[in-house]
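Peer 1: With the input below, show me the fold.
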Amino acid sequence: LGVSTILGGEFEEGLALLADRLRRNGGESRNGIGASSVPQSEPLISLARQKFIPPDRQGLAPLARYAHVVLPSGEHRVAGYTEASRGCKHLCRHCPIVSVYKGVFRVVDREVVLADLRQQVAAGAQHITFGDPDFFNGIGHAMAVVEALHREFPRLSYDVTIKIEHLLKHKRHLATLRDTGCLFVTSAVESVDDEVLRRLEKGHTRADFLEATRMFRELDLVLHATFVPFTPWTTLDGYLELLRVLRENDLVENVAPIQLAIRLLIPRGSRLLELDEIRHLVGPFDPSALVYPWRNPDPRVDALGAEMEQIVSSGEKHKLPRRTIFARIGKAAHQAAGVETEFAARPVLPSRAAIPYLNEPWYC
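Peer 2: Next comes the predicted model:
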């Protein structure tokens, strides 16, 4: 396709080296295609420590053209984006970050983060999404950043991504998140099946997830749960159980509908390939999709996954409320399982309160 350089991990130094190389060679890519016959001298993946500087965002599209936050009132807030850290200390089997960082974690200097936030606020940002894979990997650094942010911009809101495991371990800091403007926390729950969670090495259980939900409601914080409901271990009964847990715990509004259609991806370097059962299940690596293809032992589950994608896509296209899409998902899932239940006949009642969310949800 014409790609001649690929940079992963801590990419900035490699990008600067590439710019120097192109300049020395007289601009290899003036016609838009690099000199693919020349192997890149920059590392494919770099985990080297870098001296971060504030990014130059001049020339980018206005912030208003990117994702925005939708509040329960219907108000929209212009959103910016930054990172206070890179990589992750954890080694969850299914996470693509692990394939690159392998447990390495890098902190972006607090003053660099704040300088970046200042320029985004000046450009109109009313909310900031922190893109850290896990905001609590470096708890002291994280709290110092949001406290400084709130002192300087008390009306600015933000959101972060944090593991269930860390939410429980550092629960004493959750009130500070709330008080410094955190609108919601995204957490990769992945499953409510403890055996699936064990295989993924997520570090939490179903009970931990429900305890985190309880804590957030006590604190009047919003938890956005993300899932990977379609895995090689998913059963029709297991999928129905996920829907039951979300409904009975009043979590329908807390889950973007796409999260009920996500299918497990197994990229090159995935720790899932350490499992004998996965190695025996997957097909040859697909270079066009960049994954190892797999099929569920029960073809009805794969068919249900495809149907869920269609239901969610149609619902989002027509801007249906989450609870309406959830009801359609529930009806289709019960029909696929050949189960008759009140679930499909009963309307999904509105949540006790609408919640803020990004109009382009995380595929966490």
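Peer 1: Format the CA atom coordinates belonging to the lengthiest strand in the chain as PDB.
Peer 2: In terms of residue count, the longest strand belonging to the chain (DSSP state E) is strand 182-190. What follows is strand 182-190, C-alpha atoms only, in PDB (Å, rounded to 0.1, in the frame of the first residue of the first chain):
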ATOM      1  CA  CYS A 182     -14.600  14.000  36.900                       C
ATOM      2  CA  LEU A 183     -17.900  13.400  35.000                       C
ATOM      3  CA  PHE A 184     -17.400   9.700  34.600                       C
ATOM      4  CA  VAL A 185     -14.900   6.800  34.800                       C
ATOM      5  CA  THR A 186     -14.700   4.200  32.000                       C
ATOM      6  CA  SER A 187     -13.700   0.700  33.200                       C
ATOM      7  CA  ALA A 188     -13.000  -2.400  31.100                       C
ATOM      8  CA  VAL A 189     -15.200  -4.900  33.000                       C
ATOM      9  CA  GLU A 190     -15.100  -7.300  30.000                       C
END
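Peer 1: Return the set of buried residues in the helix or strand just after it.
Peer 2: The helix or strand immediately downstream of strand 182-190 is helix 194-200, counting by DSSP states H and E. For helix 194-200, a neighbour-count test (16 or more other Cβ atoms under 10 Å) marks V196, L197, R199, L200 as buried. Where you see a C-beta, it was placed from the backbone N, CA and C, and this is true even at glycine.
Peer 1: Tabulate these in TSV, adding columns for pLDDT and distance to C95.
Peer 2: Formatted as TSV, the buried residues of helix 194-200 follow (pLDDT from 0 to 100; distance: Cβ to Cβ, whole Å):
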residue	pLDDT	distance to C95
V196	98	14
L197	98	13
R199	98	13
L200	98	9
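Peer 1: can you put the residues you listed in JSON lines and add distance to I325?
Peer 2: Output for those, formatted as JSON lines (distance: Cβ to Cβ, whole Å):
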{"residue": "V196", "distance to I325": "23"}
{"residue": "L197", "distance to I325": "25"}
{"residue": "R199", "distance to I325": "28"}
{"residue": "L200", "distance to I325": "26"}
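Peer 1: any idea which of those residues is closest to L242?
Peer 2: Using Cβ to Cβ, V196 comes nearest to L242 of those, at 10.1 Å.
Peer 1: in what helix or strand does the nearest residue to that closest one once chain neighbours are set aside lie?
Peer 2: Leaving aside its chain neighbours, V196 sits nearest to W233 (5.2 Å; criterion: Cβ to Cβ, 6 or more residues apart in numbering). Remark: W233 resides in no helix or strand, with elements defined by DSSP H and E.
Peer 1: Kindly tell me how buried W233 is, as a neighbour count.
Peer 2: Taking other Cβ atoms under 10 Å as the neighbour definition, W233 ends up with a count of 17.
Peer 1: report the longest helix in this structure, please.
Peer 2: helix 299-317 (DSSP state H).
Peer 1: in the stretch 201-350 of the chain, which ranges drop under the pLDDT threshold?
Peer 2: 341-350 (pLDDT under 70).
Peer 1: Strands along that one, start to end?
Peer 2: 223-227 (DSSP state E, counting those that start in this stretch).
Peer 1: For this structure, which segments count as helices?
Peer 2: 12-24, 96-101, 110-122, 139-152, 164-169, 174-179, 194-200, 206-219, 236-248, 276-281, 299-317, 322-337, 342-345.
Peer 1: Outline the domain layout of this structure.
Peer 2: 1-46, 63-358 (the TED database).
Peer 1: Could you look over those and pick the most buried one?
Peer 2: domain 63-358 (a mean of 18; mean count of other Cβ atoms under 10 Å).
Peer 1: Can you get me the start-to-end distance on it?
Peer 2: Terminal residues of domain 63-358 are spaced 14 Å apart (Cα to Cα, to the nearest Å).
Peer 1: which residues touch the residue found closest to S187 once you drop the neighbours it is linked to in the chain?
Peer 2: Leaving aside its sequence neighbours, S187 sits nearest to I164 (Cβ to Cβ, 6+ apart; 5.4 Å). Each residue near I164 by Cβ atoms under 8 Å, 6 or more residues apart in numbering is listed here: S187, A188, V189, K202, G203, H204, D208, F209, A212.
Peer 1: do A48 as well
Peer 2: Per Cβ under 8 Å, 6+ apart, neighbours of A48: E10, E13.
Peer 1: Over to V282?
Peer 2: I266, L273, Y292, P293, W294.
Peer 1: mind redoing it with 6 Å?
Peer 2: Applying Cβ atoms under 6 Å, 6 or more residues apart in numbering, we find V282 in contact with Y292, W294.
Peer 1: repeat for L197
Peer 2: L197 neighbours (Cβ under 6 Å, 6+ apart): S191.
Peer 1: which non-adjacent residue is nearest R178?
Peer 2: That would be L221: by Cβ to Cβ, 6+ apart, it lies 5.1 Å from R178.
Peer 1: separation between the one you found and A212?
Peer 2: Using Cβ to Cβ, to the nearest Å, L221 is found at 10 Å from A212.
Peer 1: Surely G283 and V291 touch.
Peer 2: No - look at G283 against V291 with Cβ atoms under 6 Å: they stay out of range, at 9.8 Å.
Peer 1: picking up where we left off before, for the residue nearest to R178, give me phi and psi.
Peer 2: L221 adopts backbone torsions of phi -110, psi 160, taken as degrees, to the nearest 10.
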